[in-house]
Every structure is written in structure tokens, then in C-alpha cells.
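A.B. asks: here is a sequence together with a model predicted from it:
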Amino acid sequence: MNGNLSKIDMFFRFFVGLTIIALVLAIPTTPVWLVLVATYPMFTGILKLDPIYAAYLALAKPSAKTATVNTGHDPMGAAA
């Protein structure tokens, strides 16, 4: 499986998830649902793959169909 995260990004995601879980365990007034939020960065860090980031990269790349080439000519054929 080929991932889309760097080693630094993987470490950072795992560290953030672990920190959120430790925060929930250490402070009783912290909402418990934050543990569910923390599982996403932890699992993406472990798997080296983030499907939301992959979708973003796929949508952010300009396709060859929409790219325009500047030839320096007026589209109407008039001289500049």
C-alpha cells in the first residue's frame, strides 16, 4: 500500500491524536466525544494514508483538459 503522508506528517498526526486522548483521560470535564475525533488522525498516521487528503489532492490538480496554453496570439486573429 502506497501512502500519501510523509514521516513527519505521520508522527504529527499520531502525536496529536495521542495528546487529545491523554487530555480526555487527564481532565474529567473534557468531552468524551473528542476521543472519536482523535481516532482519525491516529489511524491515518498509522496507515500512512489519508483518504480526505488524497481526494483534496485529486481535486486540486489542474487537468490537461482545463489547462490553457498562452500562444501570444489574439483568439480573434487581430494583430496586437
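C.D. replies: Yes, it's here.
A.B. asks: quick one, longest helix in the protein?
C.D. replies: Scanning the chain for the longest helix, with DSSP state H as the assignment, gives helix 7-26.
A.B. asks: what's downstream of that one, the next helix or strand?
C.D. replies: Note on helix 7-26: by DSSP states H and E, the next helix or strand toward the C-terminus is helix 34-47.
A.B. asks: what angle sits between that following helix and helix 7-26?
C.D. replies: Helix 34-47 and helix 7-26 are oriented at 150 degrees to each other (axes from the mean of the first three to the mean of the last three Cα atoms, to 10 degrees).
A.B. asks: other residues contacting helix 34-47?
C.D. replies: 1, 3, 5, 9-14, 16-18, 20-21, 23-24, 50, 53 (Cβ atoms under 8 Å, 6 or more residues apart in numbering). In this view, the C-beta of every residue, glycine as well, is placed from N, C-alpha and C.
A.B. asks: from those, list the buried ones, please.
C.D. replies: Among those, the ones that count as buried by 16 or more other Cβ atoms under 10 Å are L5, D9, M10, R13, F14, G17, I20, I21, V24, D50.
A.B. asks: quickly check the residues you listed for the two that are furthest apart.
C.D. replies: Pairwise distances across the buried ones among the contacts of helix 34-47 (Cβ to Cβ) peak at 24.2 Å, for the pair L5 and V24.
A.B. asks: endpoints of stretch 24-44, how far apart?
C.D. replies: 20 Å (Cα to Cα, to the nearest Å).
A.B. asks: many thanks, we can stop here.
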